[in-house]
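Q: Would you be able to build a 3D model of this:
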Amino acid sequence: MHPPPPLFLASIGNPPPRWHLTLHSAGHILLNALARKLRAPLTAPGYDNNNTPPRSHPGPFVARTRLPESLAPLTLWQSPSLMNVSGPGVVRAYEKWCRENGVDNKKGGRGTGVGAAGFDGLVRGVGGVETGRGKGVIDEDGNVKPLLLKKTETTTTTPADEANTKPIPLNLILLHDDLELSPGKLSVRRGNATLSARGHNGIKSVVDSLVKAGLLASPRGGKRAGTAAVGMGAGGDDVIDPAHFQLTRIGVGIGRPASREAAVVAEYVLGRMPERQVEVTEELVGDLVEVLEKEVKGMMVT
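A: The predicted structure is shown next:
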């Protein structure tokens, strides 16, 4: 049996201390709750117990741990950047992590098999599971079933061909706030650069940076010469086309204001999260662990 793939869970938001408890930093709030649950304190590189960072230190904050069931290596990483320019920092940290963890840039990562985990459009809330608009399928027991790719009637698809056309999830998982969800719910969406960011500038920044780095295919077609994708892919000697790679995005529900005017929305997301909503957000940590475990299982499908 192959070891479980490592994951790099990156939260984006706005840096402390001014914005660390705002709605826009819901991803940071949940990441910190996960760190506490897994007993893996987030620390600032370059600092220790004898030399703690100042309160105004923006980060990044990092923890290394393992998921409780699969024992998959898990790195938690809190972005130090302002939300709208998160991308370059996330991608630099992810590429560095790939090098440190032996995730092969040219062969699509470590491991012998990949598969779509089937989480597209999944919406998970405290006390229940529901499907959103997407491709995720949930059975009667509440388990997420991976989708099967459709084959054209005029083409014979061999197992090898099918493996080469399956979407390959990057080891990078993005944790962010989600205006489209009520507090107390998570959304899980997977897609390439064409998957809508739904107006979220932080997601746009990360996706744009992944495209520039050659880790996702450009939505306008083509790819940067000399680049190689990074993710848990099948072994082989050839560079994997970035068109096969997908980014998994986990949204943390924050609700939305009545008005959709840009100024109103901006003021809303930069507002302080109510204390009760912080508690509700932190209570999602069990669902987050479950999603990550399912992600690992999906990535190990051959």
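Q: for stretch 7-21, which positions count as buried?
A: Of the residues in stretch 7-21, 7-16, 19-21 count as buried by neighbour count, 16 or more other Cβ atoms under 10 Å. The C-beta positions use only the backbone N, C-alpha and C, and glycine is treated the same way.
Q: Export these as TSV, with columns for secondary structure, pLDDT and distance to Val103.
A: TSV is the format used below for those (DSSP: H, G, I helix; E, B strand; the rest coil; pLDDT from 0 to 100; distance: Cβ to Cβ, whole Å):
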residue	secondary structure	pLDDT	distance to Val103
Leu7	strand	97	11
Phe8	strand	98	9
Leu9	strand	99	15
Ala10	strand	98	15
Ser11	strand	98	20
Ile12	coil	98	21
Gly13	coil	96	25
Asn14	coil	94	29
Pro15	coil	91	27
Pro16	coil	84	29
Trp19	coil	82	31
His20	coil	84	30
Leu21	coil	92	33
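Q: ok, these vs Ile250, which is closest?
A: Ile250 has its nearest neighbour among these in Leu9, at 8.2 Å by Cβ to Cβ.
Q: re the thing from before, out of the buried residues of stretch 7-21, flag the one nearest to Val207.
A: The closest of the buried residues of stretch 7-21, once distances to Val207 are taken by Cβ to Cβ, is Ile12, at 11.5 Å.
Q: ok, the closest one - contacts?
A: 27-28, 79, 81, 83, 86, 90, 174-176, 202-203, 206 (Cβ atoms under 8 Å, 6 or more residues apart in numbering).
Q: Kindly report the same for Gln246.
A: Taking Cβ under 8 Å, 6+ apart, we find Gln246 in contact with 116, 167-170, 190-192, 216.
Q: ok, so what distance separates it from Pro68?
A: Using Cβ to Cβ, to the nearest Å, we find Gln246 at a distance of 25 Å from Pro68.
Q: before we move on, what about Leu181?
A: Distance from Leu181 to Pro68, counting by Cβ to Cβ: 25 Å.
Q: ok, those two, which is more surrounded?
A: Neighbour totals were compared for Leu181 and Pro68, and Leu181 leads with 21 against 13 (other Cβ atoms under 10 Å).
Q: Test my guess that that one contacts Ile250.
A: No: counting by Cβ atoms under 8 Å, Leu181 does not reach Ile250; the two are 10.9 Å apart.
Q: so what sits against both of those two?
A: Common contacts of Leu181 and Ile250, defined by Cβ under 8 Å, 6+ apart, comprise Ser187.
Q: Apart from its neighbours in sequence, what residue is nearest Arg189?
A: Arg249 (5.0 Å; Cβ to Cβ, 6 or more residues apart in numbering).
Q: Might one say that the one you found is in contact with Leu172?
A: No: using Cβ under 8 Å, Arg249 is not in contact with Leu172; the gap is 10.0 Å.
Q: who's more crowded, these two?
A: The neighbour count for Arg249 versus Leu172, taken as other Cβ under 10 Å, is higher for Leu172 (28 against 23).
Q: hang on, the more buried one in a strand?
A: Yes: Leu172: assigned to a strand according to DSSP: H, G, I helix; E, B strand; the rest coil.
Q: Contacts only, for the closest residue to His24 other than its chain neighbours.
A: Of all residues beyond its chain neighbours, the one nearest His24 is Val269 (4.1 Å), with distances taken as Cβ to Cβ, 6+ apart. Residues in contact with Val269 (Cβ under 8 Å, 6+ apart) are 22-24, 177, 179, 254.
Q: ok, 10 Å please
A: Residues near Val269 by Cβ atoms under 10 Å, 6 or more residues apart in numbering: 13-14, 19, 22-26, 83, 177, 179, 200, 254, 256-257.
Q: what does Leu30 give?
A: Contacts of Leu30 by Cβ under 10 Å, 6+ apart are 9, 11, 13, 175-177, 186, 250, 252, 278, 281-285, 287-288.
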